[in-house]
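Visitor: with the input below, show me the fold.
(2 chains)
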Amino acid sequence: MGTVAGRNSCHHKGFFFYTVTVHGHGLMDLFPLYLTIKVSLTDVVITTAIGLALSWVMAKKEFIGKELLDIIVMQPLVIPPTVLGYYLLTAFGRSSWLGGFLADTLGFEIAFTWKGAVVASVISSLPLFVKPARAAFESVSSDMENAARMLGKGEAEVFRTITLPLAWRGIAAGAVLAFARSTGEFGATLMIAGNIPGLTETLPIAIYDAMLSGDARSANILVGIITAFSFLVIYAAGVFTKKRY
Amino acid sequence: MSLSFDLKKSFASGFSIDASLSLDAELLVLFGPSGAGKSLLLKLISGMIRPDEGRISIDSETLFESGSVKINAPIRTRRIGFLFQDYSLFPHKTVYENVAYGIEHLERSAVKARVTGLIALMRLEGLEESYPHQLSGGQKQRTALARTLAVKPRILLLDEPFSALDYQVREKLRADLLKIHQLYQITTILVTHDLEEAFMLAERIAVINNGALEQVGTRDEVFYRPRTRSVARFIGTRNIFSGKVSEAGERFIIYSPGLGRVSAAPSATTFSIGQEVSFCIRPEEILIIRPDRALTTDENVFEGVITNSVGKGSTHALFIEAGAASLKAEVPNFVQRKLGLAIGAPVRVLLKKESIWVIPD
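Guide: From the prediction side, this is the model:
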């Protein structure tokens, strides 16, 4: 459909500015695609790290408040994204204690930066990771793990050699779903990261913008990209969740 | 190695276990009905479930101790071999990898030698590269046994290891197990609810009921001299009657509402006149007397009618109504044919004094 024509970093503060020449139609801004991939990949790394710990603990341990933790982690599935974004802005905005501390003391600004988009993505994709990962951990029977312990293995080794290899398909499926959720994240991202072209404008927000400004061509291209990607995701999730043993 | 334990554990369901036992390098069968706590007891010993109180030790090493000195050795340091009912083989590892899984601190060649030796011992040659889902039930169980033996366990706990297998495979595996027991002399507890299996394998039997050990003894003690009425029932004694002691001296007579006067052999246990007792006789100990044979005594002889007859391979089970009592007798097939013991036929049965076992209620 087009070719990458060049990149420069003119008015987009510090970010590469990707453009593509669409045959006969001049330049098109591909920064939203680049940003979305960057946010989604960062999201997958963080979500997998937090999600693995959460889903393992919830599958294998009994503790007080487990139900409550489950309800909190699953909230983003049902709570309206704008409400979620509102909470995040309240928590991480510069005027809040946490946001102020992060920005002023650690120099880590969340609100209205791409990191805000990552925070919104992590929170909303976490339940999609935890659901299949927890089920996968639960499907590894305690007898199987006890068999390994009986053979002299410690907890870390039981996890590395038995639990993880037997649960990895569910974990991979969770990671794929988390990535997909992140690429499509709109409401919460808009609330906490805003819509700053070339800075926090992700793909879904760019589509919304293009529609509003009557740029149907850009909207069509971006929608096409997202649609094709979504098909790929569901296919990949299916491959990962197929039973092997 | 000797294992001894004295354990108490209450579960949220209200079920509780309270059992103590010591065993040496022997094969002990833990026998009891479903839900008696057999598997739970094994899990308590192995460390998979933590007891509320008590003590577990192997030789002089304490694995668990409650009270002032608290000890609870982690599962991995106990060196107890555990065979699960569903085998619990690692599905993502081959037979070879499963068997080699627990072997540590050995050179590669030594690992290989040990694994290959066990694979040969368990008749698994040629299956080294197979995955568990490609194995039959018997092969899975033999792989699991090899995997357990590979780490040289001090104690072997077998949780209904043959229950999911068909009859012929089970017979072979029992023979394998006896062979291994003789070869390694590992202290072994085998859990089963299969009477025949218990009889075949046991050096000693512990009968568990409702979380408690009701009787521990040699095979003959448990089978022929059950200590309680429920033990008698579990070990397949069908003919159990209630009665009252009416003479307890030179002659030991019990009066039972169903059979009337029954004479038993004098007992080592002292009974008093009027005491409520149960008495039993195993089906294969009941004698059928030919109608033309003259009787020297009428003691313990009962007239009855056969109400049902069930052939079971080499024997027939006969259900006999004698007065107000129902008896089950088991006779070899040739006896059944020769005496014409068909349904409806009148019979005379003799309950030999020596075969009658009396249990205080």
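Visitor: residues in contact with residue B:347?
Guide: B:288, B:303-306, B:318, B:320, B:341 (Cβ atoms under 8 Å, 6 or more residues apart in numbering or on different chains). Quick note: C-beta positions are derived from backbone N, CA and C, even for glycine.
Visitor: kindly export stretch B:177-184 (C-alpha atoms) in PDB.
Guide: Provided in PDB are the C-alpha atoms of stretch B:177-184 (Å, rounded to 0.1, in the frame of the first residue of the first chain):
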ATOM      1  CA  LEU B 177       6.200 -55.100  43.400                       C
ATOM      2  CA  LEU B 178       7.000 -58.200  45.400                       C
ATOM      3  CA  LYS B 179      10.200 -58.700  43.400                       C
ATOM      4  CA  ILE B 180      11.300 -55.100  44.100                       C
ATOM      5  CA  HIS B 181      10.400 -55.400  47.700                       C
ATOM      6  CA  GLN B 182      12.600 -58.500  48.100                       C
ATOM      7  CA  LEU B 183      15.400 -56.900  46.000                       C
ATOM      8  CA  TYR B 184      15.600 -53.500  47.800                       C
END
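Visitor: which positions within stretch A:193-211 qualify as buried?
Guide: Using 16 or more other Cβ atoms under 10 Å in any protein chain shown as the test for burial, stretch A:193-211 gives A:193-194, A:198-210.
Visitor: so what touches it?
Guide: By Cβ under 8 Å, 6+ apart, stretch A:193-211 touches A:11-13, A:15, A:17, A:29, A:31-33, A:35-36, A:39, A:111-114, A:116-117, A:120, A:183-186, A:189-190, A:216, A:218-219, A:222-223, A:225-226.
Visitor: and those, which are buried?
Guide: A:12, A:17, A:29, A:31-33, A:35-36, A:39, A:111-114, A:116-117, A:120, A:183-186, A:189-190, A:218-219, A:222-223, A:225-226.
Visitor: point me to the residue of the stretch 1-150 of chain B nearest chain A.
Guide: In the stretch 1-150 of chain B, the residue that lies nearest chain A is residue B:102 (3.0 Å; Cβ to the nearest Cβ).
Visitor: picking up where we left off before, which of the contacts of stretch A:193-211 fall within helices?
Guide: Judged by DSSP state H, these include A:31-33, A:35-36, A:39, A:114, A:116-117, A:120, A:183-184, A:189-190, A:216, A:218-219, A:222-223, A:225-226 as members of helices.
Visitor: what sits against residue A:97?
Guide: Per Cβ under 8 Å, 6+ apart, neighbours of residue A:97: none.
Visitor: measure it to residue B:159 for me?
Guide: As for residue A:97, its distance to residue B:159 is 56 Å (criterion: Cβ to Cβ, to the nearest Å).
Visitor: so who does residue 77 touch?
Guide: If you meant another chain, say so; for now it's chain A. Residue A:77 touches A:127-128, counting by Cβ under 8 Å, 6+ apart.
Visitor: chain B, not that one
Guide: residue A:152.
Visitor: for it, helix, strand, or coil?
Guide: helix (DSSP: H, G, I helix; E, B strand; the rest coil).
Visitor: and the helices in the chain?
Guide: If you meant another chain, say so; for now it's chain A. Using DSSP H, helices in chain A cover A:31-60, A:66-74, A:81-92, A:97-100, A:114-139, A:142-150, A:155-158, A:164-184, A:187-193, A:203-212, A:216-241.
Visitor: please go with chain B instead
Guide: Using DSSP H, helices in chain B cover B:38-46, B:75-78, B:95-100, B:108-121, B:137-149, B:167-184, B:195-201, B:219-224, B:229-234, B:333-338.
Visitor: quick one: distance of the second one to the chain centre.
Guide: In this case it means helix B:75-78. Here helix B:75-78 is found 27 Å from its chain centre; the criterion is Cα atoms, centre = their mean, to the nearest Å.
Visitor: for that helix, the averaged confidence score.
Guide: Helix B:75-78 shows a mean pLDDT of 93.
Visitor: if we can go back for a sec, kindly give a single ChimeraX line that selects the buried subset of the contacts of residue B:347.
Guide: Selecting only the buried entries of the contacts of residue B:347 in ChimeraX, with 16+ other Cβ under 10 Å as the criterion:
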select /B:288,304,306,318,320,341
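Visitor: got CSV for the contacts of residue B:347, with pLDDT too?
Guide: Below are the contacts of residue B:347 laid out as CSV (pLDDT from 0 to 100):
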residue, pLDDT
B:288, 90
B:303, 89
B:304, 90
B:305, 92
B:306, 93
B:318, 92
B:320, 93
B:341, 87
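Visitor: and the stretch 151-300 of chain B, which residues reach chain A?
Guide: residue B:151 (Cβ under 8 Å from any Cβ of the partner chain).
Visitor: what about the stretch 151-300 of chain B, any weak spots by pLDDT?
Guide: Nowhere does the stretch 151-300 of chain B drop to pLDDT under 70.
Visitor: skip the chain neighbours and tell me the closest residue to the residue in chain A positioned nearest to chain B.
Guide: Closest to chain B within chain A is residue A:151: 3.0 Å, counting by Cβ to the nearest Cβ. Nearest residue to residue A:151, sequence neighbours excluded (Cβ to Cβ, 6 or more residues apart in numbering or on different chains): residue B:102, at 3.0 Å.
Visitor: tell me which of the helices of chain B lies nearest to residue A:145.
Guide: Among the helices of chain B, helix B:75-78 comes nearest to residue A:145, with 9.7 Å by Cβ to Cβ.
Visitor: CA atoms only: put the closest one into CSV for me.
Guide: Output in CSV follows, covering the C-alpha atoms of helix B:75-78 (Å, rounded to 0.1, in the frame of the first residue of the first chain):
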residue,chain,number,x,y,z
ILE,B,75,9.0,-32.8,51.5
ARG,B,76,12.1,-32.7,49.4
THR,B,77,14.4,-33.7,52.2
ARG,B,78,12.3,-36.6,53.5
